[in-house]
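Q: sequence first, then the predicted structure, then my questions.
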Amino acid sequence: MNTETADGFRARLAKHAALADPARLRMVDLLTLGDFSPSELRAELGMPSNLLSHHLRTLEEAGLVVRHRSEADRRRSYIRLAAGALGGLVPGAEHGARRVLFVCTRNSARSQLAAALWQQVSGIPSTSAGTHPADRIAEGAIQVARRHGVDLADIPPRKLDRLPGAGDLVVTVCDNAHEELGGLSGVHWSVRDPLRLGTEKAFEEAFDDISHRVHDLAPRVLAA
């Protein structure tokens, strides 16, 4: 379920459009370091005053920068980044869910790791399942989780068919499961199967990939 408002989307679109110009992007880069007067920006960028005024007006209209008068010389102004200006560039919350259901083919590594990592960063419950579950969790998954201080639940792999329910956000973490499920998958992560190589490095790479994706998705999911 898309929960970003139309106004929020338009504001984000305006910021991206404003930053599409190389000169304006450079100005924002400079302003992340501190405040600049228009004359200081002109000197830094080698830009004529009329063009600088145009770019500043565009950035102000997009809500990226604000200006205020100098307390020393009231004829002088300073430009600064607006509060939260850059935070609005990333997508807002896109899903409402009662539970996040991670799915892979065997439910023996990737989906188990994803569910465990999710529980560390979100209050929304998570679980996992497999389209063709294995008999047990892979030892490599148990070991990589232990190395990173993550506890895998002591439960056997489970079959998907009885688990999806209303309010579940289904996240497939392997290509086989995603392509088998078709439209049932709400989100897909193409994570390489560490069991194909079975090495410590393969499990570490899968763990890192899943961890980054979990941390990116969690702020975008709201409790339904």
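A: It's in. Being a predicted model, the structure only gives us computed values, none of them experimental.

Q: C-alpha only now, for contacts and for neighbours.
A: OK.

Q: and the least confident helix or strand in the chain by mean pLDDT, which residues are buried?
A: Using mean pLDDT, DSSP states H and E, strand 95-97 stands out as the lowest-scoring helix or strand of the chain, at a mean of 81. Within strand 95-97, the residues scored as buried using 16 or more other Cα atoms under 10 Å are 95, 96, 97.

Q: ok, the last one touching residue 224?
A: Yes: with contacts counted by Cα atoms under 8 Å, residue 97 reaches residue 224, the gap being 4.7 Å.

Q: could you pull out the residues contacting both of these two?
A: Taking Cα atoms under 8 Å, 6 or more residues apart in numbering as the contact rule, residue 97 and residue 224 both touch residue 167.

Q: ok, back up a step: let's have the buried residues of strand 95-97 in CSV, adding distance to residue 198.
A: Listed next are these as CSV, based on distance: Cα to Cα, whole Å:
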residue, distance to residue 198
95, 34
96, 36
97, 33
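
Q: which strands or helices does the least confident helix or strand of the chain pack on?
A: Applying 3 or more Cα pairs under 8 Å, 6 or more residues apart in numbering; DSSP states H and E, we find strand 95-97 packed against strand 168-172, strand 221-223.

Q: helices or strands up against the last one?
A: Counting contacts by 3+ Cα pairs under 8 Å, 6+ apart, strand 221-223 is packed against strand 95-97.

Q: in its sheet, which strands sit next to the strand it packs on, and in what direction?
A: Strand 95-97 has the following sheet partners, assigned by DSSP bridges: strand 221-223 (parallel).

Q: in the strand it pairs with, what counts as buried?
A: Neighbour-count burial for strand 221-223 flags 221, 222 (criterion: 16+ other Cα under 10 Å).

Q: now that strand: mean pLDDT?
A: Confidence for strand 221-223, expressed as mean pLDDT, is 86.

Q: stretch 42-50 now?
A: Here the average pLDDT along stretch 42-50 is 94.

Q: how about residues contacting that stretch?
A: By Cα under 8 Å, 6+ apart, the surrounding residues in contact with stretch 42-50 are residue 52.
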